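J.: Here is the input, now give the coordinates:
(2 chains)
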Protein chains: 2
Amino acid sequence: MKKNQPLPESKVPDIPQKILLGPGPSMVSQRVLKAMMAPMLGYLDADFLDVIDEVSSLLSRVFQTDESLTLALSGTGSAGMEAGLTSLLEPNDTVVMCVYGFFCERMVEMAERVGANVFPVRSEWGKPFPAELLEKELAKHSNVKMVTAVHAETSVGIRQPLEDISRLASEHGALFMVDAVTSLGGSEVAVDRWGIDYCYSASQKCLGCPPGLSPVALSQRAKNVINQRGKRSTSWYLDVGLIANYWENHVYHHTTPVTMILGLREGLRVVLEEGLDSRHTRHARNGAALRAGLEGLGLDLVSPEGYRLNQITPVWIPEGIDDNLVRETLLRDHNIEVGRGLGQFAGKVWRIGLMGESSRSEYVLALLAALEHILPSVGYETPMGAGVTAANRALSEWVSE
Amino acid sequence: MKKNQPLPESKVPDIPQKILLGPGPSMVSQRVLKAMMAPMLGYLDADFLDVIDEVSSLLSRVFQTDESLTLALSGTGSAGMEAGLTSLLEPNDTVVMCVYGFFCERMVEMAERVGANVFPVRSEWGKPFPAELLEKELAKHSNVKMVTAVHAETSVGIRQPLEDISRLASEHGALFMVDAVTSLGGSEVAVDRWGIDYCYSASQKCLGCPPGLSPVALSQRAKNVINQRGKRSTSWYLDVGLIANYWENHVYHHTTPVTMILGLREGLRVVLEEGLDSRHTRHARNGAALRAGLEGLGLDLVSPEGYRLNQITPVWIPEGIDDNLVRETLLRDHNIEVGRGLGQFAGKVWRIGLMGESSRSEYVLALLAALEHILPSVGYETPMGAGVTAANRALSEWVSE
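T.: The predicted structure follows:
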């Protein structure tokens, strides 16, 4: 029996520090990690309930909402996605989904599993979703329960404008659900102004925390829909009605991940001390520098001008260049992680993330310098210094819009 | 707009240290908290995949299984419960559930939400479940897909023997699913020997980690059932088939809660360095001392001799004594948290947990001494010194069985 064998040494006893420029998890604020060293508290302890209330209040600022209930679910961003779909949809409800990337497709799969009537409206990956397509689809249905969109599609690097989609949802009396996993804390997410009924995010991208929590903003209307369901949601664990009752009324549901919540509280304070506007500007400046540098190297960006995410930049892998070899060399020789492509874009793009603590000019320059070192050795000719020079110029000339 | 208002100070900037003797979260090993200070890693980083493999291997020792796949789900114990029920059951599958407490009832609710044909077999709270009841129920069905039980029912303090239930499940060709949330790491959990197909636990009880992860052991048979489902599970996030594919084959599913996993790795090493047998003995010794002390105070234990959990001890609140007042005074004046009753037992019992890092003789003695101070002042006469004396005697006379 294994239990009596001697305990083997860990292969990786000490976790090395790496520069994480992938799609997340991003690097974590030291303040957050220190906050997580706190002693444990009970999930109904009065001190901890004060923390819960504070986290909710801090989240309402970050989500820019006075009207929604804000909370953090005990799971990753995908749990936030599933909680929204299972709590707001019942079998045979009609949901129309804007689909233009890998995470949009994940939403489709989850909604199908709920047993909803799912109408995905697909558009080309790497381009913003045209609201006209949604308009056409909505015109075919009389009772659309919900419309969904992804604000920052991490797989394709698209910052999707939400105003038109929101207006169309509203005109059809539908709820509007938005994935803000990659955007929240890195660019404007205005829940009230954009009329979002269910907005979910994740702790490990632009909020500077470890993965494992999904911040959510829930409108009064969405709450009413949940409270008036005919049939209980298929999920108890992610039943947003029950979870809201803990955050609002402190009624026990499941054991809250106390340590993660303490980390999130500190992470949100870090975000708000920097200031949302300054933080968004930092992400924009570093994103612009990265894009200038990549173009300086002669690489082609995936997403078009005007719709590019500052949080993550997909770039086409040049013809004949070995995807894995470049990423492995970056990590092994330069200690930098970048992301691979997903779905249709697997093997075709690299995805470079600059989110939260990872969005720093020194990392942009380090990555570009490392690429200048690696790319020629794998057969891609690029003028020496062109990437770093272009990025440095962009950083110097940066003017906030 | 709130976003521009000055950030208010935290009401609880520094988290106070309390003695947590409730139903969990329990206190956390300092080694675990330090391990969680490590830098972030990507969830497909080779170093982190080594960590994943190590955690799986450590879990197989703690679950005492050579045959099951062991992994940790990205949610609390309730997520482990839901993952098992949604992944193993399809709508209209027959599941027979042994029900003798609050968490058994939670399983019933979850299974109903899946759309299974749920046959709960209920027995008296505070007593072990009689296997004959299950036998009778099983005799009524021809195609039982699964039988479920809770090993350590936290709400009633029952250590439920599993051998007979396992045998009956096996005789009827049914899968056997077990809740080991409160038992794992505090008393024997023998997955292979007890023929358990799906066993789930939680990080925050006897494993000495923060809440937020659910360790799971999945038999080959259960895996086959999942792989051969006719219809996809209602849950994507908790689809054990997809999650197993990450743990076994390192295929991306969702962003792993890296920091929590690093904490769990250290927690499991702490458990195994102490040794499972020594750890179980420690829990047994402190549990026995607590019971002796409570009886010394003249209080009545809920569960009968032979079936008492060492991890959590429910005790009847004496007639006329104010439940909340005692618990609040314990916390305010003596910094000790104990648990309240749940469900049928709400307001009727206190539940005293001695789990993982919280299972220490000094906490047992501190609690009993504090009760001796408080109880007379709320109208319950008890001979001065009787609780502490009885507990001290039990500690001195302890002989491991």
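J.: show me where the stretch 151-300 of chain A has strands.
T.: Using DSSP state E, counting those that start in this stretch, the strands of the stretch 151-300 of chain A run over A:152-153, A:158-159, A:175-179, A:198-200, A:214-218.
J.: average model confidence for the second one?
T.: This points to strand A:158-159. Averaged over strand A:158-159, pLDDT sits at 98.
J.: And it, how far out from the chain middle?
T.: Chain-centre distance of strand A:158-159: 12 Å, with CA atoms, centre = their mean, to the nearest Å.
J.: just checking, what packs against it?
T.: With contacts defined as 3 or more CB pairs under 8 Å, 6 or more residues apart in numbering or on different chains; DSSP states H and E, strand A:158-159 has no helix or strand neighbours. All C-beta atoms are positioned from the backbone trio N, CA, C, and that covers glycine.
J.: So which residues make contact with that strand?
T.: A:100-101, A:126-129, A:151-152, A:183, A:187, A:303, A:307-310 (CB atoms under 8 Å, 6 or more residues apart in numbering or on different chains).
J.: Please pick the buried ones from the residues you listed.
T.: For those, a neighbour count by 16 or more other CB atoms under 10 Å in any protein chain shown gives the buried set as A:100-101, A:126, A:128-129, A:151-152, A:183, A:187, A:303, A:307-310.
J.: The residues you listed also near chain B: which ones?
T.: By CB under 8 Å from any CB of the partner chain, no member of the buried ones among the contacts of strand A:158-159 lies near chain B.
J.: Closest to chain B out of those?
T.: A:Ser187 (13.5 Å; CB to the nearest CB).
J.: which residues does the closest residue to the closest one other than its chain neighbours contact?
T.: Nearest residue to A:Ser187, sequence neighbours excluded (CB to CB, 6 or more residues apart in numbering or on different chains): A:His280, at 5.2 Å. Shown in contact with A:His280 (CB under 8 Å, 6+ apart): A:Gly186, A:Ser187, A:Glu188.
J.: export the residues you listed to JSON lines and tack on pLDDT?
T.: Putting the contacts of A:His280 into JSON lines (pLDDT from 0 to 100) gives the following:
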{"residue": "A:Gly186", "pLDDT": "98"}
{"residue": "A:Ser187", "pLDDT": "97"}
{"residue": "A:Glu188", "pLDDT": "97"}
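J.: any chance of the residues you listed in JSON lines, with distance to B:Ala111 too?
T.: As requested, these are exported to JSON lines (distance: CB to CB, whole Å):
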{"residue": "A:Gly186", "distance to B:Ala111": "41"}
{"residue": "A:Ser187", "distance to B:Ala111": "42"}
{"residue": "A:Glu188", "distance to B:Ala111": "43"}
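J.: Any idea what A:Val178 is bridged to?
T.: Taking DSSP bridges as the rule, A:Val178 bridges to A:Ala149, A:Cys199.
J.: thinking it is in contact with A:Val147, fair?
T.: No - counting by CB atoms under 8 Å, A:Val178 stays clear of A:Val147, with 9.5 Å between them.
J.: Looking at the stretch 301-401 of chain A, which residue is nearest chain B?
T.: Taking CB to the nearest CB, the stretch 301-401 of chain A has A:Glu337 as its residue nearest chain B, at 5.1 Å.
J.: Pull out the buried residues from the helix or strand harbouring A:Ser60.
T.: Element membership for A:Ser60, per DSSP states H and E: helix A:46-62. Residues of helix A:46-62 classed as buried by neighbour count (16+ other CB under 10 Å): A:Phe48, A:Leu49, A:Val51, A:Ile52, A:Glu54, A:Val55, A:Ser56, A:Leu58, A:Leu59, A:Ser60, A:Arg61, A:Val62.
J.: Quick check: the residue of the stretch 301-401 of chain A closest to chain B is in a helix.
T.: No - with DSSP: H, G, I helix; E, B strand; the rest coil as the criterion, A:Glu337 is assigned strand and is not in a helix.
J.: and it, what does it touch?
T.: A:Lys18, A:Ile19, A:Leu20, A:Leu21, A:Gly22, A:Arg327, A:Leu330, A:Leu331, B:Gly42, B:Asp45.
J.: State the helix or strand in which A:Leu368 lies.
T.: helix A:361-374.
J.: the strands in the stretch 1-150 of chain A, which residues?
T.: Secondary structure of the stretch 1-150 of chain A (DSSP E, counting those that start in this stretch): strands at A:19-21, A:69-73, A:94-99, A:117-122, A:144-150.
J.: Could you save those as JSON lines and add columns showing mean neighbour count?
T.: Formatted as JSON lines, the strands of the stretch 1-150 of chain A follow (neighbours: other CB atoms under 10 Å in any protein chain shown):
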{"stretch": "strand A:19-21", "mean neighbour count": "26"}
{"stretch": "strand A:69-73", "mean neighbour count": "24"}
{"stretch": "strand A:94-99", "mean neighbour count": "24"}
{"stretch": "strand A:117-122", "mean neighbour count": "18"}
{"stretch": "strand A:144-150", "mean neighbour count": "25"}
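J.: Output these as a markdown table; include the columns mean pLDDT.
T.: As requested, these are exported to a markdown table (pLDDT from 0 to 100):
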| stretch | mean pLDDT |
| --- | --- |
| strand A:19-21 | 98 |
| strand A:69-73 | 98 |
| strand A:94-99 | 98 |
| strand A:117-122 | 98 |
| strand A:144-150 | 98 |
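J.: Quick one, which of those strands gets closest to B:Ser361.
T.: Of all these, it is strand A:69-73 that lies closest to B:Ser361, at 36.8 Å by CB to CB.
J.: Adjacent strands (with direction) for that closest one?
T.: Under the criterion DSSP bridges, strand A:69-73 sits next to strand A:214-218 (antiparallel) in its sheet.
J.: Now do the partner strand against strand A:175-179, angle only.
T.: Interaxial angle of strand A:214-218 relative to strand A:175-179 (axes from the mean of the first three to the mean of the last three CA atoms, to 10 degrees): 160 degrees.
J.: residues in contact with strand A:214-218?
T.: With CB under 8 Å, 6+ apart as the criterion, strand A:214-218 contacts A:59-60, A:62-63, A:65, A:68-73, A:75-80, A:83-84, A:184, A:191, A:196-203, A:207, A:240, A:244, A:264.
J.: can you map out the helices along the stretch 301-401 of chain A?
T.: A:323-334, A:361-374, A:386-397 (DSSP state H, counting those that start in this stretch).
J.: most tightly surrounded among the ones you listed?
T.: When you average the neighbours per residue for each of these (mean count of other CB atoms under 10 Å in any protein chain shown), helix A:361-374 leads with a mean of 20.
J.: Can you tell me how far A:Glu137 is from A:Cys98?
T.: 9 Å (CB to CB, to the nearest Å).
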